[in-house]
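Asks: Provided below are the primary sequence and the corresponding predicted coordinates.
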Amino acid sequence: MTIDIRGLHLLKAHLCRLLTHLQAKIPLEASLSINSFVASNNEESTSGEYHLRAVAHHIGDSLFLGHYTACGKRTIPESRNEEQWVFFDDLVGVKIGFDYVTDSEDNQINCYMALYELK
């Protein structure tokens, strides 16, 4: 097998240029439903409802350079096992409200990945 390293390098450079110019806002919803895409005669019925659990953000010129942060829904033992949104930046975790996760324009532009959980 032969791998053309120059071709991979050019592909990486092209992806960097392409991803650098994409600054689209990603609207984050508290929940998503796939019910309209699931056949109704399915014997294994599931709710089809997915709830937002975490969001990864990327801040930088390209996916190969920059800084990653995340917001995640965590169970907090000190508060009777209630779930709380937490913003993670390196070793620091700060409690935040759900509005910070979904309504912040910076978070929508820097959204790299949104993780939903089936409920």
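Replies: Cool, got the structure. The structure presented is a predicted model; accordingly, all values stated were derived computationally and were not measured.
Asks: enumerate every residue touching Arg53.
Replies: Gly72, Lys73, Leu115, Tyr116, Glu117 (Cβ atoms under 8 Å, 6 or more residues apart in numbering). Where you see a C-beta, it was placed from the backbone N, CA and C, and this is true even at glycine.
Asks: Gly48 too?
Replies: Ser33, Ile34, Asn35, Val38.
Asks: what about the first one, how many neighbours?
Replies: Ser33 is flanked by 12 other residues according to other Cβ atoms under 10 Å.
Asks: now the helices: where do they sit in this protein?
Replies: 5-21, 98-103, 105-109 (DSSP state H).
Asks: name the residues that touch the second one?
Replies: Residues outside helix 98-103 that contact it (Cβ under 8 Å, 6+ apart): Pro27, Leu28, Glu29, Ala30, Leu52, Val55, Cys71, Trp85, Phe87, Asn107.
Asks: now the closest residue to Gln108 other than its chain neighbours: how far from Gly93?
Replies: If the residues on either side of it in the chain are set aside, Gln108 comes closest to Lys25, at 4.1 Å by Cβ to Cβ, 6 or more residues apart in numbering. Distance, Lys25 to Gly93, by Cβ to Cβ, to the nearest Å: 25 Å.
Asks: just Ser104 next, same as before
Replies: In terms of Cβ to Cβ, Ser104 sits 17 Å off from Gly93.
Asks: and for Ala56?
Replies: 15 Å.
Asks: these two: which is more packed in?
Replies: Ala56 (16 against 13).
Asks: check what pLDDT that one gets.
Replies: With respect to pLDDT, Ala56 scores 92.
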